[in-house]
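S.K.: need a structure here:
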Amino acid sequence: MATSYKRFEVGSKVFHEDYGEGMVVEVRPRPFFDVLEVAFSDGVRRLNSNHPKISDQPPRSKPPRRKPNLRLVKPSKSRQGKAQAAPEETADETETLEDESPSEGPRFAFQDDILCLDSASVESLLELPPPQDQGDGFARLLVAERLGLTRGFQNLLALSAVQDLEQYEFQIQAVRRVLREMRGRAILADEVGLGKTIEAGLILKEYALRGLIRSALILTPVSLMSQWREELRRKFEIPVEIYARGERWDTHPWLIASIDTAKTEKHREEIAEADYDLVIVDEAHRLRNHLTQGWKFIDALGPKYLLLLTATPVQNDLRELYNLVTLVRPGQLGTYREFRKRFMQRGNKRLPKDARSLAEMLSTTMVRTSRSSTSIVFPKREVRIQEFEMSPSERRLYDGVSALVRDTMASVELQDRARWHFLLLLLQKEMGSSSPAAVRTLERAERLFPKSGMGKSLRKLLDVGRGIDRHAKLEGLLDLLRTDDDEKVLVFTQFRRTLEFLDAELRKAGFDPEIFHGSLTPNAKDQAVERFRGKKRILISTEAGGEGRNLQFCRTIVNYDLPWNPMRIEQRIGRVHRLGQTRDTRIWNFTARETVEDYVLAILHQKIAMFELVIGEMDMVLGQWSDRDNFEQEIFRIWSEMRDPRERKKAFDSLADDLAVARHRYEQIKDYDHQIFEPLGRLARRLSEDES
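M.R.: Next up, the predicted model:
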């Protein structure tokens, strides 16, 4: 009886249905069928016409042990209908499996639903060359096929595929809502410090595991790019790269870039051609104006999945909220005219006139979790300022370097300032860290300008620096370590030379510190952290320890030197004072009187109370003042240009007042957002309770 076959697919499975015999053969996974086609090439090609005889009886000659198996899935009664069973074969006919010539094609039979092959077919399989990847690729393919068969997002695959990550229920629920209800296009608007980055990483990982995305572009401010890279690599094992100037945008499937770089006309078209499956925009409140280049760039990009991250979606009026929602889901709020008529009060564009209805509409595009709605209790911060009087030789060196910086900046031509700027800025920062760090740079500069007028000044400074035998901050650190001898201590410095100096001096004093810096291999970094977690009590780290490492088992930080950029300070604190910390943290800030760091600390601590802010809020304050990267440059400008101490103090006081205004404005925006989104939070909690 002739039999017709039909090949069809369900998900990633391939089926061949035999209407005449009433039988379904399932090949798992799909690439395995391709292997069989190679082995049984002639027979498989003849399968639709000749139909080899199939026997329900096992062959008398036992098949070789190394035989491939192919499961036979028996159809249900509804599928069989009135189809007749295959006619039973005789013993003689079965014996011909071994006697038939291989030229007639492979012979096979079924035994207990297992496909049994004749020796010729088995030999042809064994003659196939081994895979070049030793089978690893096939094993990974099996895992991918299994993950691809997982339906729905109730059970998140990403939760078991991350490491060193404290999992919170509100974050998991937020991820489920974005995946199940919002289809991967959402605004993550949790309050500062609740882990929007973690939520975005889980969504990215979930889509990647399921094969729903093969590329992603993360757009952030420049200051946050390295932090994103460390988080995604370490916690989520996603091999992201930071975009390098001159690279093609499709070089790396997982890419982090500055949004200011990406939105330029030079790059927009190439990014669109790269066709990223998922785009994540951090600090998305920068896109609140629909007339800006950034908003138009994201709107034209139109990725399949889009995540906008911001703790303050609205800063001035409700039009900004409308613009963000339109990027995620165009038309959700109707036209702007309709939105304004329905939700904006006449004469007051800041507060909605129907907050409940607006919250219901936003619930389909926005996730907003407030700190008060969670059960998380953040530990307190205990901030201590430790001021030191420099030793006489330290003071001579510091004042001498400061005079050299001011004289050079005043004497060089305007077009040459950029060439000198980095060297002088570095030298001034090193003086605020340690004299050994500054001496190293002075030595290099002296070799570059041996016969110039500057060379003479450099040699004098070197003589002073090499003669320093007493270091005020080092003595303070040793006193602290001896007094507080039962706590782990994390000591931060900006410079490798200072780290080496502290390591040597602490060992002379009888301590056994661990060191951590950016030049260590990834494995060496992991081992250093584990030793610090274990028996080691002291970890001396450069800024590399402030990126992507969770050190909540420690609660004491010593800022041996203070970066001029407040975001660097916040990243240091964030290593221990973060979600998962159970004890109050202690932060020691070391500074010497009448130094740049002394002025910076006065501004940050006394004027804007930076150390009382939640991790992430300082960034928001700086955003209200100016571009956060300008703060460090403004500090250096005041210090290097103002020779008169009174003028210098007046300039620093003016900067402090401006930042205080920025802090006040941020608090107003935070209160404004709370008024708008509190109804949304209540609605989200009610929906979550109804679902559970």
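S.K.: residue ranges with poor pLDDT in the stretch 501-650 of the chain?
M.R.: 545-549, 614-617, 619-620, 623-624, 626-629 (pLDDT under 70).
S.K.: hmm, 50 instead?
M.R.: 628 (pLDDT under 50).
S.K.: where do the helices sit along it?
M.R.: 522-533, 566-573, 596-601, 617-625, 630-641, 645-691 (DSSP state H, counting those that start in this stretch).
S.K.: which one, of the ones you listed, ends up nearest to Met431?
M.R.: Set against Met431 and scored by C-beta to C-beta, these come closest in helix 596-601, at 8.3 Å. Heads up, the C-betas are built off the backbone N, CA and C, glycines and all.
S.K.: any idea how far that closest one is from the chain center?
M.R.: 32 Å (C-alpha atoms, centre = their mean, to the nearest Å).
S.K.: tell me the buried residues in that helix?
M.R.: Within helix 596-601, the residues that count as buried by 16 or more other C-beta atoms under 10 Å are 596-601.
S.K.: pull the number of nearby residues for Glu338.
M.R.: Burial of Glu338, expressed as a neighbour count using other C-beta atoms under 10 Å, amounts to 10.
S.K.: distance of it relative to Gly331?
M.R.: The spacing between Glu338 and Gly331, counted by C-beta to C-beta, to the nearest Å, is 10 Å.
S.K.: low pLDDT regions in the chain?
M.R.: For the chain, residues meeting the criterion pLDDT under 50 lie at 1-103, 628.
S.K.: Arg593 against Gln386, yeah?
M.R.: No: counting by C-beta atoms under 8 Å, Arg593 does not reach Gln386; the two are 11.2 Å apart.
S.K.: and these two? Which one has more around it.
M.R.: Legend: neighbour count by other C-beta under 10 Å for Arg593 and Gln386, higher for Gln386 (15 against 12).
S.K.: you'd agree Glu641 is up against Met409?
M.R.: Yes: in this structure, Glu641 is within contact of Met409 by C-beta under 8 Å, at 6.9 Å.
S.K.: for those two, indicate the residue with more neighbours.
M.R.: Neighbours per residue, other C-beta under 10 Å: of Glu641 and Met409, the larger number sits with Met409, 18 against 13.
S.K.: quick one: contacts for Glu382?
M.R.: When contacts are counted by C-beta atoms under 8 Å, 6 or more residues apart in numbering, Glu382 touches 584-587.
S.K.: any of the residues you listed buried? List them.
M.R.: Applying a neighbour-count criterion of 16+ other C-beta under 10 Å, the buried members of the contacts of Glu382 are 585-587.
S.K.: of these, closest to Asp354?
M.R.: Of all these, the one with the least separation from Asp354 (C-beta to C-beta) is Thr585, at 43.1 Å.
S.K.: now do the contacts for the closest one.
M.R.: Neighbour list for Thr585: 379-382, 555-557, 573, 576-577 [criterion: C-beta under 8 Å, 6+ apart].
S.K.: please redo it, this time with the cut-off set to 10 Å
M.R.: Shown here is Thr585, whose contacts under the criterion C-beta atoms under 10 Å, 6 or more residues apart in numbering are 378-383, 552, 554-557, 573, 576-578.
S.K.: likewise Gln675?
M.R.: Residues near Gln675 by C-beta under 10 Å, 6+ apart: 314, 350-352, 355.
S.K.: I'd like these as JSON lines, with distance to Leu308, neighbour count and secondary structure appended.
M.R.: As requested, these are arranged in JSON lines below (distance: C-beta to C-beta, whole Å; neighbours: other C-beta atoms under 10 Å; DSSP: H, G, I helix; E, B strand; the rest coil):
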{"residue": "Val314", "distance to Leu308": "13", "neighbour count": "24", "secondary structure": "coil"}
{"residue": "Arg350", "distance to Leu308": "21", "neighbour count": "14", "secondary structure": "strand"}
{"residue": "Leu351", "distance to Leu308": "22", "neighbour count": "15", "secondary structure": "strand"}
{"residue": "Pro352", "distance to Leu308": "20", "neighbour count": "22", "secondary structure": "strand"}
{"residue": "Ala355", "distance to Leu308": "21", "neighbour count": "16", "secondary structure": "helix"}
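S.K.: pick out whichever of these sits closest to Ile213.
M.R.: Of those, the one sitting nearest to Ile213 (C-beta to C-beta) turns out to be Val314, at 29.6 Å.
S.K.: run through who's touching the helix or strand harbouring Arg268.
M.R.: Arg268 is part of helix 265-274 when elements are defined by DSSP states H and E. In this structure, residues lying in contact with helix 265-274 by C-beta under 10 Å, 6+ apart are 215, 217, 219, 243, 248-253, 255, 257, 261-263, 279, 293, 296-297, 300-303.
S.K.: buried residues, it. List them.
M.R.: Residues 267-268, 271, 274 are the ones in helix 265-274 that count as buried (16+ other C-beta under 10 Å).
S.K.: what's the most distant pair in those residues?
M.R.: Using C-beta to C-beta, the two most remote members of those are Arg268 and Ala274, lying 10.9 Å apart.
S.K.: looks to me like Met431 is in a helix.
M.R.: Yes: under DSSP: H, G, I helix; E, B strand; the rest coil, Met431 falls within a helix.
S.K.: how about the contacts made by it?
M.R.: Here Met431 is in contact with 394, 397-402, 405, 437-439, 441-442, 465, 561, 592, 595-597 (C-beta under 10 Å, 6+ apart).
S.K.: any of those buried? List them.
M.R.: Buried residues within these, counting neighbours by 16+ other C-beta under 10 Å: 394, 397-398, 400-402, 405, 437-439, 441-442, 465, 561, 592, 595-597.
S.K.: cross those residues against helices and list the overlap.
M.R.: Using DSSP state H, 394, 397-398, 400-402, 405, 437-439, 441-442, 465, 596-597 are the members of these that sit in helices.
S.K.: which one of the residues you listed is nearest to Ile187?
M.R.: Taking C-beta to C-beta as the measure, Ile187 sits nearest to Glu597 out of these, at 38.7 Å.
S.K.: residue contacts, the closest one?
M.R.: Shown here is Glu597, whose contacts under the criterion C-beta under 10 Å, 6+ apart are 429, 431-433, 559, 561-564, 589-591, 635.
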